[in-house]
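S.K.: sharing a model prediction with you, sequence too.
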Amino acid sequence: MAQAVRELEGPGLGGVVVFAGRVRPDRTRSGRVERLDYEAHRALAVAALRELETIARRRYGAERVVLWHRLGAVPVDEVSVIAGAATGHRAAAFDAARYLIEQLKATVPIWKGERSRPSRPRRRRPVGRGGRSAG
Amino acid sequence: MAQAVRELEGPGLGGVVVFAGRVRPDRTRSGRVERLDYEAHRALAVAALRELETIARRRYGAERVVLWHRLGAVPVDEVSVIAGAATGHRAAAFDAARYLIEQLKATVPIWKGERSRPSRPRRRRPVGRGGRSAG
Amino acid sequence: MSARVTVLLFATARQAAGTGRLRWPVPPAGLSARSLVRSLGERFPKLEPVMRTSRFVLNGSYLTGLARRVRPGDEFAVHPPYGGG
Amino acid sequence: MSARVTVLLFATARQAAGTGRLRWPVPPAGLSARSLVRSLGERFPKLEPVMRTSRFVLNGSYLTGLARRVRPGDEFAVHPPYGGG
């Protein structure tokens, strides 16, 4: 998040809004989430994120934009996604950041899988034994 | 802003939104803003900021809140105000942060004065000679 | 020294009066906020239009009208429209 | 080795098929996306309901229907509803 803030600094930018989404320790049928495994259709996801940034610049006058998503294993309470915008004025920064995160969730080919015990990130096959509950 | 982010970290908080407002180098009748001098009715301002935090917690379920405002001289491009909220879910964090900054501007006894040349912060009398333009 | 109230002037009110703080003489029994505002406006003509768009604060509480009595030792603040952020 | 397309399966589609990547045999002249989806559903019965709520991507472009022809060497991806963030 600190790096996102640095990328959003620049002369004349009066409003900066940064959203950070963290993995929550939700309860599930199999216990409590210990981490999420994110997978993506990588080439398409990267293109979609870049396109959202472009739209945010055009539609909200955002001069700087960040839209980042981690892939692979992300433990509970770590940040998985950041959406931020810097604009001349306050309201547009809120609107741009919100647009970015909501469009990301709806239109970018990234998926999460809940896991209750550790395994290697971004593997192609699910864990065969179903995972023991940690909670 | 990094410190604000740290204060908004905590277990189970899925969404964090941080707004930072920077001093913009606006053009004015006397040239270009070099810095803003913020003054406050201090006791009342502190109480009002704390009250807004309380309302944000209650109304939006924000579990952590930051609402900070610098006083005295703040040069162009530096951050003068930060409003942030951490909540279980995304939308409430956006709503809470936006509520905080908009209420701050409307209801907290803080004022800004534009200045185009340096002088001491939080002095009681305005500069007598009117200030030379820097732009 | 006669009975006085402390008057705090902020932002454009401070600029209009040329000071941010006054020790303002009042009768021993005090006076209404309305009378205080009127006398401040007479002493500082530039302050008068500023006070028309200002809120007033007596001992830390916002006034909703000008009927309240201001007594010696009270603190009376003039708040022009806020402009933080 | 006969003519094949690469099929990419993500998230619940991957779980339903037990693999994220298939080399799927097709006729030398190709076949419609509809036929490909049908044959995948026959081979992986659990994948069939997943594909009913999925979007399909042919060589990096989203399909708006299933009429398009898929040819040997193409990449065909199955995207269940997205869930980033």
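M.R.: All right, it came through fine.
S.K.: ok, which stretches of chain C are strands?
M.R.: Per DSSP state E, chain C carries strands over the ranges C:4-9, C:21-25, C:31-32, C:55-58, C:61-62, C:69-70, C:75-79.
S.K.: same for the third one, what does it pack against?
M.R.: Using 3 or more CB pairs under 8 Å, 6 or more residues apart in numbering or on different chains; DSSP states H and E, the elements in contact with strand C:31-32 are strand C:69-70. (C-beta placed from N, C-alpha, C; glycine too.)
S.K.: in its sheet, what does the strand it packs on sit against?
M.R.: strand C:31-32 (antiparallel) (DSSP bridges).
S.K.: contacts for the partner strand, please.
M.R.: With contacts defined as CB atoms under 8 Å, 6 or more residues apart in numbering or on different chains, strand C:31-32 is touched by C:Leu66, C:Ala67, C:Arg68, C:Arg69, C:Val70.
S.K.: got a pLDDT number for residue 71?
M.R.: Because you didn't say which chain, this covers chain A. Per-residue pLDDT puts A:Leu71 at 97.
S.K.: chain C, not that one
M.R.: 98.
S.K.: ok, now how distant is the closest residue to it other than its chain neighbours from chain B?
M.R.: Spatial nearest neighbour of C:Arg71, chain neighbours left out: C:Gly30 (3.8 Å); criterion: CB to CB, 6 or more residues apart in numbering or on different chains. Distance, C:Gly30 to chain B, by CB to the nearest CB, to the nearest Å: 22 Å.
S.K.: C:Gly30 - how many residues pack around it?
M.R.: 18 (other CB atoms under 10 Å in any protein chain shown).
S.K.: I'd say it and C:Pro72 touch.
M.R.: Yes - counting by CB atoms under 8 Å, C:Pro72 is a contact partner of C:Gly30 at 6.6 Å.
S.K.: just send the strands of chain C back as JSON lines, with mean neighbour count too.
M.R.: Shown next, in JSON lines, are the strands of chain C (neighbours: other CB atoms under 10 Å in any protein chain shown):
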{"stretch": "strand C:4-9", "mean neighbour count": "19"}
{"stretch": "strand C:21-25", "mean neighbour count": "14"}
{"stretch": "strand C:31-32", "mean neighbour count": "14"}
{"stretch": "strand C:55-58", "mean neighbour count": "18"}
{"stretch": "strand C:61-62", "mean neighbour count": "11"}
{"stretch": "strand C:69-70", "mean neighbour count": "20"}
{"stretch": "strand C:75-79", "mean neighbour count": "22"}
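S.K.: quickly list what A:Gly72 is bridged to.
M.R.: In beta-bridge terms (that is, DSSP bridges), A:Gly72 pairs with A:Tyr38.
S.K.: distance of it relative to B:Gly15?
M.R.: 21 Å (CB to CB, to the nearest Å).
S.K.: which one's more surrounded, the two?
M.R.: Comparing A:Gly72 with B:Gly15 by other CB under 10 Å, the one with more neighbours is B:Gly15, at 26 against 14.
S.K.: contact residues of chain A facing chain D?
M.R.: Counting by CB under 8 Å from any CB of the partner chain, the positions of chain A adjacent to chain D are A:21, A:38-41, A:43-44, A:47, A:69, A:80-81, A:101, A:104-113, A:124-126.
S.K.: just the buried residues of those.
M.R.: A:21, A:38-41, A:44, A:69, A:80-81, A:101, A:104-105, A:108-113, A:126 (16 or more other CB atoms under 10 Å in any protein chain shown).
S.K.: from A:Val108, how far off is the residue lying closest to C:Leu8 once chain neighbours are set aside?
M.R.: Spatial nearest neighbour of C:Leu8, excluding adjacent residues (CB to CB, 6+ apart): C:Ala77 at 4.1 Å. Distance, C:Ala77 to A:Val108, using CB to CB: 52 Å.
S.K.: quick one: which of the residues of chain A next to chain D sit in helices?
M.R.: Secondary structure from DSSP state H places A:Ala43, A:Leu44, A:Ala47, A:Ile101, A:Leu104, A:Lys105, A:Ala106, A:Thr107 of these in helices.
S.K.: check contacts around the nearest residue to the second one once chain neighbours are set aside.
M.R.: The reference is to A:Leu44. Counting by CB to CB, 6+ apart, A:Leu44 lies nearest to A:Pro109, which is 5.0 Å off, once chain neighbours are set aside. Going by CB under 8 Å, 6+ apart, A:Pro109 touches A:Ala40, A:His41, A:Leu44, A:Ala45, A:Ala48, D:Phe10, D:Val57, D:His79, D:Tyr82.
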